[in-house]
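A.B. asks: I'd like to go over a predicted model; first the sequence, then the structure.
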Amino acid sequence: MIDKKEIEDLIKKEKYEQAHNKISEFVEEKSTIDNYIFAEKIYKKLFEKIKFVKLKVALLRSITIESMIPILKVKAYKNKINPEIYLGQYNIIDQEILDVNSLLYNFAPDVLIIFSRIDEMAPKLLESFINLSEKEVEQEINNVITRLDDLFKSFRKKSKAKVIIHNFKIPQYPEFGIADSVNKKGQKKTFERLNNRLEEITKRYDDIYVLDYDQLTSRFGKENFFDEKLWYTSKAPVSKIGLENLADEYIRYLIPISGLTKKCLVLDLDNTLWGGVLGEEGVEGIDLGHSSPGNAFLDFQKEILKLYHKGFILAINSKNNERDVMEVFEKHPYMALKKEHFASMKINWKNKAENMKEIENELNIDLNTFVFFDDNPIERELIKTQFPQIHTIDLPKNPHLYPKKLKKLPDFEMLSFSDEDMKRGKMYYEQIQRKKLKESSSSLDDFYISLEMKAVISLNDSFSLPRLTKMTQKTNQFNLTTIRYSNSDIKNFMDSKNHRIYSLQLFDKFGDNGIVGEIIIKEEKETWIIDSFILSCRVIGRTVETAFLSYIIKQARAENIKFLIGKFIPTKKNLPVKDLYKKHNFNFVKKNKNENIWRLDIQKKDIKCPEWINITDK
Amino acid sequence: MQEKLKEIMSNIFDIPKEKINDSTSMKSVDKWDSLSHINLILSIEENFQIEISEDEMSQMTSYKTIKEILKRKL
């Protein structure tokens, strides 16, 4: 049992990250409302000390839900998010969204959550469903959808905030009872249709997401989610356990919205990926297979493999003999995870903190994007104290619960998965192989040649729209102007007559790196202006930028363009590309405020494509 | 039990534990409104593992009455 004094002491000793973790453990141990309120206050003492991502969250609702706010805040603080919350007045949703001068717009949210009840939106679907004709049912659905569509339209005119809207809970006791499914206008079918229509209309807008409230309530049981007493006395229908699970679900959205999705899962081996100690039991002796508890370990491995396929990076940090482990990878028939799924493996007898540091260096990603799974509480404690920024998971004692523990984790939530994202796990593995090759190549040119690079360049490729948007939004280092664009901006450029977007996909002997280069051109008379020039950091230092520019010049000449203008806007992060245009023989023209303008006379000067990169058009 | 109750009330209404006594009531505490009352009821139910009826809920408007009701139920 953690007591409050222990937390206060850590703060006094200025061990803020550890205090942060302890507060989380404190509420998880006893998650009563008063403890949440207490934790909320203590967390606030850490605001100036460790970094939290600030986020303005508006919640419009047709129920009393005030009690969830401290729960939501504490769960957000736990994940290093500091939400400022605006709670709309009870049952005032439409007015807030339609009125330009409402408190909602005054608040200027980053995220808007809409939680409305069907008994407000279409009471007939509950109260008089039995008496409605099929046509009337359809009419009710249409009314709800039109009303919501109008709200989305109106909101999008005024705000770019992400929107999370609850869908509608299917009644757990349908009006026709067990005959519901036989009935032509079954109530379950009606609600499913309503929810499907809701999903369809949200797709017409950018950044509107449906929170599957029906599924959420079923996960814990609709009856447990509902508190009759609080409903009838206070219009607060969601039970305490419901409020916690709802807050957890919101956190699943707030993590990726705040850019806090974890990237890498670091795993122990003995009693984590298989049962038993390999050094004692040998390859044949470990528990992994089709009978308990080996089947739970196998399922756990399968869950981990799914993360790999969604693009997350896997690593091993284990005290073992490396040779023994390789034997398991090679010989054990039930290893769902293979050697090539791990971008980094530290299998030795060093202490795990040291290994963790090496994994960080090898992968070149921040420790705060790591999640660590280890069955041994002592190892966990070591990592918790040495690297409190890593999310160390307290594994349940019983391995049967490992797969569920991983599935429930919000750390790997993303708002959407692009094809690019899904390849990431593989790319990191290949990246490490490249690094090893670089270390073994004698000269840099030899290294470039040995990579066997092939660049495929596309013009206005609308299939890659999300990736191209994301590159403008997320890339900081190799980004000459750091102008952030939205999906619709990028689409407009592609459709426009005086803009075009070139994208570069890079292949090499280790595989497909995906789309790693983007150039946005603004066309003027006899001149092309490079509005944006972005390269993903995973291909920096491979002369791809030179190849890309040489291609642009070739295209420009074919259209009788005389000059290429390059711009550089310095930021804290893009200094490495400060001299990019200079290095490529552009002449400095002038400085407009903080914008440096460079020009290349392409009728007179050329940029040669490096011989080791082979360029093709798509 | 009284200590625990004071601690709960102190957290929820943001008042020092020492200042809570029999005269502490919904009328005398600023932050004690119908909404924070829900938090109080939920916290009492969870901490003492009891169920509070609607009648009790509407009577529990001062430290004194809460204490009396809890004594009866525990």
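C.D. replies: All right, it came through fine. If you're wondering where the values come from, they're calculated on a predicted model, not measured in any experiment.

A.B. asks: Going by C-alpha atoms from here, please, whenever you check contacts or count neighbours.
C.D. replies: Noted.

A.B. asks: got the residues of chain B near chain A?
C.D. replies: Within chain B, the positions adjacent to chain A are B:8-9, B:11-12, B:35-36, B:38-40, B:42-43, B:46-47, B:53-54 by C-alpha under 8 Å from any C-alpha of the partner chain.

A.B. asks: which one among these gets closest to residue A:559?
C.D. replies: Closest approach to residue A:559 among the residues of chain B next to chain A (C-alpha to C-alpha): residue B:35, at 68.9 Å.

A.B. asks: which SS state does that closest one fall under?
C.D. replies: Assigned by DSSP: H, G, I helix; E, B strand; the rest coil, the conformation of residue B:35 is helix.

A.B. asks: Isn't it up against residue A:66?
C.D. replies: Yes: Residue B:35 lies in contact with residue A:66 (C-alpha atoms under 8 Å); the separation is 6.8 Å.

A.B. asks: of the residues of chain B next to chain A, buried ones?
C.D. replies: Buried members of the residues of chain B next to chain A, scored by 16 or more other C-alpha atoms under 10 Å in any protein chain shown, are B:8-9, B:11-12, B:38-40, B:42-43, B:46-47.

A.B. asks: how many neighbours does the closest residue to residue A:480 other than its chain neighbours have?
C.D. replies: Using C-alpha to C-alpha, 6 or more residues apart in numbering or on different chains and skipping residues adjacent in sequence, the residue nearest residue A:480 is residue A:568, 5.0 Å away. Number of residues near residue A:568 (other C-alpha atoms under 10 Å in any protein chain shown) recorded here: 26.

A.B. asks: Kindly indicate whether residue A:477 is helix, strand or coil.
C.D. replies: Three-state call for residue A:477 (three-state DSSP): coil.

A.B. asks: which residues of the stretch 201-350 of chain A fall in helices?
C.D. replies: Taking DSSP state H, counting those that start in this stretch as the test, the helices found in the stretch 201-350 of chain A are A:213-220, A:222-225, A:228-234, A:240-257, A:278-281, A:294-309, A:322-331.

A.B. asks: Is residue A:467 located within a helix, as I assumed?
C.D. replies: Yes: applying three-state DSSP, one finds residue A:467 inside a helix.

A.B. asks: my guess is it contacts residue A:417, does it?
C.D. replies: No: if you go by C-alpha under 8 Å, residue A:467 and residue A:417 don't touch, sitting 10.3 Å apart.

A.B. asks: what residues does the stretch 1-150 of chain A put near chain B?
C.D. replies: By C-alpha under 8 Å from any C-alpha, the residues of the stretch 1-150 of chain A that approach chain B are A:32-35, A:37-38, A:66-67.

A.B. asks: hmm, who's touching stretch A:517-524?
C.D. replies: Here stretch A:517-524 makes contact (C-alpha atoms under 8 Å, 6 or more residues apart in numbering or on different chains) with A:468, A:471, A:498-505, A:528-536, A:545, A:548.

A.B. asks: Give me the neighbour count for residue A:576.
C.D. replies: The burial count for residue A:576: 12, using other C-alpha under 10 Å.

A.B. asks: before we move on, the earlier item: make a markdown table from the helices of the stretch 201-350 of chain A and add mean pLDDT and distance to residue A:412 to it.
C.D. replies: Converted to a markdown table, the helices of the stretch 201-350 of chain A look like this (pLDDT from 0 to 100; distance: least, C-alpha to C-alpha, whole Å):
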| stretch | mean pLDDT | distance to residue A:412 |
| --- | --- | --- |
| helix A:213-220 | 95 | 18 |
| helix A:222-225 | 94 | 25 |
| helix A:228-234 | 92 | 34 |
| helix A:240-257 | 96 | 8 |
| helix A:278-281 | 89 | 29 |
| helix A:294-309 | 95 | 8 |
| helix A:322-331 | 94 | 26 |
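
A.B. asks: Helices of chain B, start to end?
C.D. replies: Taking DSSP state H to define them, one finds helices in chain B at B:2-13, B:34-48, B:54-59, B:63-73.

A.B. asks: Indicate which one of those is closest to residue A:321.
C.D. replies: helix B:34-48 (48.9 Å).

A.B. asks: So which other helices or strands are in contact with the closest one?
C.D. replies: Helix B:34-48 sits against helix A:33-44, helix B:2-13, with contacts defined as 3 or more C-alpha pairs under 8 Å, 6 or more residues apart in numbering or on different chains; DSSP states H and E.

A.B. asks: what's the angle between the first one and helix A:240-257?
C.D. replies: Taking axes from the mean of the first three to the mean of the last three C-alpha atoms, to 10 degrees, helix A:33-44 and helix A:240-257 form an angle of 30 degrees between their directions.

A.B. asks: which parts of helix A:33-44 are buried?
C.D. replies: For helix A:33-44, by 16+ other C-alpha under 10 Å, it's A:33-40, A:42-43.

A.B. asks: Please tabulate the residues you listed in TSV, including the columns distance to residue B:65 and pLDDT.
C.D. replies: Listed next are the buried residues of helix A:33-44 as TSV, based on distance: C-alpha to C-alpha, whole Å; pLDDT from 0 to 100:
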residue	distance to residue B:65	pLDDT
A:33	21	95
A:34	19	94
A:35	23	94
A:36	25	96
A:37	23	95
A:38	24	93
A:39	27	94
A:40	28	94
A:42	30	93
A:43	33	94
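
A.B. asks: Look up the closest residue to residue A:144, ignoring the ones flanking it.
C.D. replies: residue A:121 (6.2 Å).

A.B. asks: same question, residue A:284
C.D. replies: Computed as C-alpha to C-alpha, 6+ apart, the closest residue to residue A:284 that is not its neighbour in sequence is residue A:332, at 7.7 Å.

A.B. asks: now residue A:24
C.D. replies: Nearest to residue A:24 is residue A:78, by C-alpha to C-alpha, 6+ apart, at 5.9 Å.
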